[in-house]
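Peer 1: sequence and computational prediction follow.
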Amino acid sequence: MNPSLIIFGIQSVVRLGRMSSDALEQQARDDKAIFPEIKKPEFNKMVFVNGFFNKDENTKYVTGVNAPYREYWEGTASKRDANSLDALFTAANKITAERGGNLNQSLAPSAAVLVKQWDHKSEPLSPWARVILTAGDIALEYVAINPTILGGNGNGEKLIIAYAMNLSALLQDNGKFGFKEGFAQRLSAMFLRAGLKTINDHPEWVVSEEHAVTLIANTVKPLVDALPTDITSQLKWQELADALMGPVASAALQTVANHQTAFLGSDFAPEKAVGVVTRALFLEAAKDGLGDEFTKEGLLGLYTAALGVAAEQPLLFLGDGSDPEDKFTQELFTTFMTILKDSPPPFDKEVGVALIGASLEAVGSNAHRFTGEGKPWEQAAADIVKSLTTNLSSAITINKNIKNVFSKSQLTEFGRIVLMHVVQTPRMLLGTKNAAWDGVIVAIANAMKVDDKLLLTGDDWLQIVSVASEEAAANPARLFKLDVNNPDSVLAGELISTVLKSASKILLTPDLSARTVLYGKTLRESIIVTLRATSGNPEAAHASISKIDDLVTELNTFVARNSERYGNKEWMRLFRVLLSNVLDGRSTPVLDTDKVEELLKGGL
């Protein structure tokens, strides 16, 4: 299809659609008969087209190597298929309108004639007519919002041209319209609507016509090719498309807009990867159908996350040619959907989807760091999510109050923090059965179970997990090593739990509980100090757990009893000094005012 001819036809339909019938009739009465030939009662499209292009001044448009419409012409006449006739009819109107000197004024009368010729006919519409009318109808929805969407060879025109070229390739030349063709038109129309909306939302988006053609072809055609042959399955496939295609197209185009550099490169790998991910999504959804809203939202959340990776790392989804390209991606969807379905609240819905998205993005974007270790990158990403959801949900089940500490965004951030350190230090994840990252999650989750007094906030826990992840990355085999015989036993978790339990003891003493400083920021910093001090000496830490318990209890009681003289700053200074003393194997001195003053002045 000739791009300029496509735009003329669509602009004509848009112009016609924006005019009321009264205004159109008035313009027709005032018109200087720009198209006198086609207003005759005996009008015949074939006769008109052949007569127009056989005129000396018009043959250049259909004959010769550089003729713009030669694909529709044969010898001295139009090709006899309906598509060629309609295309040349549109071309004749365009040429005549341009010669009339007022293209904008001529658009509506031209469209009125075109639509009239295409309407009320017993024979099927040609692909040309169907493409132009459908695109024009969709464009009408957006021209009112953005009048420039069809002007100046901008993004709107490029996207519409890409849509038209792809749809015309999916329709039969004879104009016969079956279920498959209707499905193709429906999907393409949804994609165009999503594209025009994306242009409105992202006016800075740079659209390459060539890449847009490839993107739409790789996204829509595989879905059309996968259409089942029996009518019952076709109807289910159609229902699935109606539910998913609009959001899917929007997500795909948003990804393009957000990754412009990747999509405007010289090759088309990102566009192909988007197509592979899209088809895999539909095939996954088709297995069990969309039984409830969560499944739909869950699939779309996974789809969006996978698209982000596909944009930057397309080869991860294109395979090596030995298997169908979407087999791996469909397995990826299956794996993660299974994790979601098996996860208890709040990890079975948006929190779980967000965690999966973060994992896919973090691990997938750094997949090169995980190759050659015997575990595919996507399995590593799935393992992290499964560990997060399993261990955190266990903590919430045991300590039901802890769920009130975390917002959904904080639970997601918990996963992001662990992931950030994992991708920077892959040895936390690979090369050992007792991966340090799992130890971090288990340690923090176990500690959460004992904070039944809610002495820490969600933000406190996030800072603790950040330090824990950092220490695990630096020394993965120390505080965060999992015991194969006791998978719930992680030294770091025992240390954090010890500090938390000791901090809670004072709450049982009414006259001291109101004076304690060991909660919130002070408690958080105490835990962080403990992790940093013990990460280099796990043997001493393991041997000193009971002494650390005694230290925290005694120091907490002393500061509370002397609250008028000592506060959180003194607590922290004393704790740093005395913890070092414990880890060095020395006994903790009896705390009284004289000894505390000595310690605060730097003596021990």
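Peer 2: Everything's here; your move.
Peer 1: where does the stretch 451-600 of the chain have low pLDDT?
Peer 2: 476-477, 483-485, 487-488 (pLDDT under 70).
Peer 1: next: the stretch 301-450 of the chain.
Peer 2: If you take pLDDT under 70 as the line, the stretch 301-450 of the chain has these spans: 319-326, 369-375, 426-436.
Peer 1: and the helix or strand harbouring Lys158, what other elements does it pack with?
Peer 2: Lys158 belongs to helix 155-170 when assigned by DSSP states H and E. Counting contacts by 3 or more Cβ pairs under 8 Å, 6 or more residues apart in numbering; DSSP states H and E, helix 155-170 is packed against helix 3-17, helix 127-143, helix 179-201, helix 209-225. C-beta: built from backbone N, CA, C; applies to glycine.
Peer 1: Ala243: which of those helices is closest?
Peer 2: helix 179-201 (10.9 Å; Cβ to Cβ).
Peer 1: pLDDT on that closest one, on average?
Peer 2: The pLDDT scores in helix 179-201 average 83.
Peer 1: any idea of the angle the helix holding Lys158 forms with helix 209-225?
Peer 2: 40 degrees (axes from the mean of the first three to the mean of the last three Cα atoms, to 10 degrees).
Peer 1: quick one: buried residues of helix 155-170?
Peer 2: 155-168, 170 (16 or more other Cβ atoms under 10 Å).
Peer 1: tell me where the stretch 1-150 of the chain has strands.
Peer 2: In the stretch 1-150 of the chain, the strands defined using DSSP state E, counting those that start in this stretch lie at 73-74, 77-78.
Peer 1: quick one: strands adjacent to the first one?
Peer 2: Looking at strand 73-74 with DSSP bridges, its partner strands are strand 77-78 (antiparallel).
Peer 1: state the mean pLDDT of the partner strand.
Peer 2: Mean pLDDT, computed over strand 77-78, is 92.
Peer 1: what number of residues lie near Ser580?
Peer 2: By other Cβ atoms under 10 Å, 13 other residues sit near Ser580.
Peer 1: can you tell me how far it sits from Ala135?
Peer 2: Remark: distance between Ser580 and Ala135 (Cβ to Cβ, to the nearest Å) = 74 Å.
Peer 1: do Val423 as well
Peer 2: For Val423, the distance to Ala135 - Cβ to Cβ - is 44 Å.
Peer 1: look at those two and report which has more neighbours.
Peer 2: The neighbour comparison of Val423 against Ala135 (other Cβ under 10 Å) goes to Ala135, with 25 against 22.
Peer 1: you'd agree Val552 is up against Leu500?
Peer 2: No: look at Val552 against Leu500 with Cβ atoms under 8 Å: they stay out of range, at 9.3 Å.
Peer 1: distance between the helix or strand where Leu579 lies and the chain's centre?
Peer 2: Per DSSP H and E, Leu579 falls inside helix 568-583. Relative to the centre of its chain, helix 568-583 is centred 47 Å away, using Cα atoms, centre = their mean, to the nearest Å.
Peer 1: give the other helices and strands that the helix ranked longest in the chain contacts.
Peer 2: In the chain, taking DSSP state H as the definition, the longest helix is helix 231-258. Helix 231-258 sits against helix 179-201, helix 209-225, helix 269-288, helix 293-312, with contacts defined as 3+ Cβ pairs under 8 Å, 6+ apart.
Peer 1: just send these back as a markdown table, with mean neighbour count and distance to Thr76 too.
Peer 2: Shown next, in a markdown table, are the helices and strands packed on helix 231-258 (neighbours: other Cβ atoms under 10 Å; distance: least, Cβ to Cβ, whole Å):
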| stretch | mean neighbour count | distance to Thr76 |
| --- | --- | --- |
| helix 179-201 | 20 | 32 |
| helix 209-225 | 21 | 33 |
| helix 269-288 | 23 | 41 |
| helix 293-312 | 21 | 50 |
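Peer 1: dump those helices to TSV, plus distance to Asp383.
Peer 2: Converted to TSV, the helices and strands packed on helix 231-258 look like this (distance: least, Cβ to Cβ, whole Å):
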stretch	distance to Asp383
helix 179-201	34
helix 209-225	30
helix 269-288	20
helix 293-312	16
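Peer 1: from Thr304, how far out is Ala473?
Peer 2: Ala473 is 28 Å from Thr304, by Cβ to Cβ.
Peer 1: typed the wrong thing, it's Pro203
Peer 2: 22 Å.
Peer 1: quick check: chain neighbours aside, which residue is closest to Leu355?
Peer 2: Gly415 (4.4 Å; Cβ to Cβ, 6 or more residues apart in numbering).
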